[in-house]
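In: only the shape, not the letters, is given here:
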């Protein structure tokens, strides 16, 4: 999947996980700056990604993701 398509999918997954519309995303978008972002929303977002893309993340990846770019990089490193 190309990056623009993946950004669109992340935006949809975030909106579903957080229950609110999301602004346009870029690699530089800080996750903590997103509307309704909190720890529960983060776990819901990761579950959305697992369901939509079949991806899993290590504990180090989960604690290290600070931006949309970090999420894209973690997804890109999946087998």
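Out: Alright, I've got the coordinates. In this text the structure is predicted, and so the values were computed from the model without any measurement.
In: where does this structure dip in pLDDT?
Out: Across the chain, the ranges flagged by pLDDT under 70 are 78-79.
In: so where do the helices sit in it?
Out: Here the chain has its helices, by DSSP state H, at 3-18, 39-53, 59-64, 68-76.
In: what's the closest of those helices to residue 27?
Out: Closest of the helices of the chain to residue 27 is helix 68-76, at 3.4 Å (criterion: Cβ to Cβ). All C-beta spots, glycine's among them, are computed from the backbone N, C-alpha and C.
In: can you list the helices of the chain in CSV and add mean neighbour count?
Out: Formatted as CSV, the helices of the chain follow (neighbours: other Cβ atoms under 10 Å):
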stretch, mean neighbour count
helix 3-18, 17
helix 39-53, 15
helix 59-64, 11
helix 68-76, 17
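In: ok, which of the ones you listed comes nearest residue 29?
Out: helix 68-76 (4.3 Å).
In: orientation of that closest one relative to helix 3-18 in degrees?
Out: Interaxial angle, helix 68-76 versus helix 3-18 (axes from the mean of the first three to the mean of the last three Cα atoms, to 10 degrees): 100 degrees.
In: what's next to helix 68-76, contact-wise?
Out: For helix 68-76, contacts defined as Cβ atoms under 8 Å, 6 or more residues apart in numbering pick out 3, 6-7, 10, 25-29, 31, 49, 53, 55, 57, 61, 64-65.
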